[in-house]
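>>> This is a predicted model, with the sequence first.
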Amino acid sequence: MTTAVATPFRFFSLQVVTTRRLGPSLVRVTFAGPDLRAFRSDGCDQSLSLFLPHPGQSEPVVTLERGWGSPHSGEAVSEGGWWQGWRELPDDVRAVMRSYTLRALRTDAEGHTTEVDIDFVLHGIGPDTSLRAGPASRWAARAAAGDRVLLLGPAVADNRAIRFRPPEDTDLILLWADETALPATAAVLESLPAGTRARVWLEVPHYGDIQDLASAADTEITWFVRDGSPHTQDSPMALDSLRTAELAPAERPYVWIAGESGHVKQLRRHFVGERGIDRRRVTFVGYWRHGMTEEQLREQG
């Protein structure tokens with residue numbers, strides 16, 4: 001498999017251009033800004049860190065001191081540097097930080113990035129609005145043109161925050177994702193060439209969240225809908241379906257699993273332990289963990 005090189009990441013100052021509701025639980029926000037000319041990514045599941053302002057703030061506050069670089073300097077930053085500087089700010093001042101995947105980017109005639117799309121899951125917003133809604137969901141639900149954010153992303157196209165890397169000899173792509181990894185899954189499917197075989201299992205909160213996903217590949221997609229129920233079940237809804245699925249003929253499958261951490265681990269055990277797929281051909285990414293904030297997950301390491 002290809003190994004991504006460790007490349008510089010930097011801050012990009014962006015503004016909201018438009019928002020578009022994709023379903024009861026999903027909203028697409030388009031961002032632009034002069035900084036994006038330096039943004040580079042060739043990945044389908046490019047991971048990004050987004051910094052959002054608190055209500056009443058005109059822009060997110062991320063103070064980097066002690067020679068770690070400034071979020072507005074255009075320089076590469078070290079992960080330990082920005083993290084420590086950000087953590088030292090008061091809770092009600094420091095920007096809300098959440099991880100997302102890039103849904104799409106657009107470039108000009110010279111190849112410079114002009115806009116990026118990020119799809120937000122509106123946890124606790126919509127038909128089942130409740131106090132469970134987090135700060136990022138609340139921000140995305142009311143985002144409007146001109147709102148300012150900071151994005152920590154790559155300045156080099158091939159970077160360590162890209163995980164979907166099927167070996168060249170792959171003869172079957174297997175994907176599982178919940179709603180948090182649906183944007184990355186959609187981008188992956190769009191990238192697959194004609195003649196590729198793909199089996200996909202997707203879990204979303206509401207029937208209205210089901211999307212018409214485009215792909216030139218020979219793709220079979222199975223949707224599972226929680227119908228508004230909380231994401232608390234012990235096992236992924238797709239697990240029984242996966243156990244009975246006929247995957248032949250396939251000698252060299254590649255598996256990509258992304259979403260809630262506990263479900264990702266169960267599915268990895270299925271593919272490696274029950275299916276006998278080489279663990280080196282299984283990419284698994286815990287995008288979130290039930291009952292924990294991103295700050296808590298990062299502090300756990």
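Perfect, I can see it now.
>>> Can you list the low-confidence ranges for the stretch 1-150 of the chain?
1-7, 64-81, 124-133 (pLDDT under 70).
>>> State whether L48 is indeed within a strand.
Yes - counting by DSSP: H, G, I helix; E, B strand; the rest coil, L48 falls inside a strand.
>>> wait, what's in contact with the most centrally placed residue in the chain?
Centroid check for the chain by Cα atoms, centre = their mean gives T101 as the closest residue, at 2.8 Å. Going by Cβ atoms under 8 Å, 6 or more residues apart in numbering, T101 touches 45-48, 118, 181, 183-184, 187. To be clear about C-beta, it is placed using only N, CA and C from the backbone, and glycine gets the same treatment.
>>> Ok, W176 next?
200-202, 236, 238, 242, 256-259, 267.
>>> would JSON lines of these with distance to T19 and secondary structure be doable?
Below are the contacts of W176 laid out as JSON lines (distance: Cβ to Cβ, whole Å; DSSP: H, G, I helix; E, B strand; the rest coil):
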{"residue": "V200", "distance to T19": "27", "secondary structure": "strand"}
{"residue": "W201", "distance to T19": "29", "secondary structure": "strand"}
{"residue": "L202", "distance to T19": "23", "secondary structure": "strand"}
{"residue": "P236", "distance to T19": "30", "secondary structure": "coil"}
{"residue": "A238", "distance to T19": "30", "secondary structure": "coil"}
{"residue": "L242", "distance to T19": "35", "secondary structure": "helix"}
{"residue": "W256", "distance to T19": "28", "secondary structure": "strand"}
{"residue": "I257", "distance to T19": "29", "secondary structure": "strand"}
{"residue": "A258", "distance to T19": "24", "secondary structure": "strand"}
{"residue": "G259", "distance to T19": "24", "secondary structure": "strand"}
{"residue": "L267", "distance to T19": "32", "secondary structure": "helix"}
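>>> Output the below-cut-off pLDDT ranges for the stretch 201-301 of the chain.
228-233, 290-301.
>>> Would you check the distance separating stretch 48-63 from the middle of the chain?
Stretch 48-63 sits 19 Å away from the centroid of its parent chain (Cα atoms, centre = their mean, to the nearest Å).
>>> Now do that stretch: everything it contacts.
Contacts for stretch 48-63 (Cβ under 8 Å, 6+ apart): 11, 71, 82, 85-86, 88-89, 92-102, 118, 135-136, 139, 147-153, 161.
>>> Mark which of those residues are part of strands, please.
11, 96-101, 118, 148-153 (DSSP state E).
>>> Can you pick out the most distant pair from the residues you listed?
Spatially, the most separated pair among the ones in strands among the contacts of stretch 48-63 is T101 and R148, at 21.2 Å (Cβ to Cβ).
>>> just checking, T114 touches T107?
Yes - T114 is within contact range of T107, at 6.2 Å (criterion: Cβ atoms under 8 Å).
>>> Quick check: phi and psi at T185.
Backbone geometry at T185, expressed as degrees, to the nearest 10, gives phi -60, psi -40.
>>> Check the gap between it and D240 for me.
20 Å (Cβ to Cβ, to the nearest Å).
>>> And those two? Which one has more around it.
T185 (28 against 10; other Cβ atoms under 10 Å).
>>> from memory that one sits against A198, does it?
No - counting by Cβ under 8 Å, T185 stays clear of A198, with 10.0 Å between them.
>>> what is in contact with these two at once?
L175.
>>> Return the residues in contact with the residue nearest to D42 when sequence neighbours are not counted.
Using Cβ to Cβ, 6 or more residues apart in numbering and skipping residues adjacent in sequence, the residue nearest D42 is A157, 4.1 Å away. Residues near A157 by Cβ under 8 Å, 6+ apart: 40-43.
>>> Reformat those residues as JSON lines; add distance to E59, neighbour count and secondary structure.
As requested, those are exported to JSON lines (distance: Cβ to Cβ, whole Å; neighbours: other Cβ atoms under 10 Å; DSSP: H, G, I helix; E, B strand; the rest coil):
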{"residue": "R40", "distance to E59": "24", "neighbour count": "20", "secondary structure": "coil"}
{"residue": "S41", "distance to E59": "24", "neighbour count": "21", "secondary structure": "coil"}
{"residue": "D42", "distance to E59": "29", "neighbour count": "13", "secondary structure": "coil"}
{"residue": "G43", "distance to E59": "27", "neighbour count": "22", "secondary structure": "coil"}
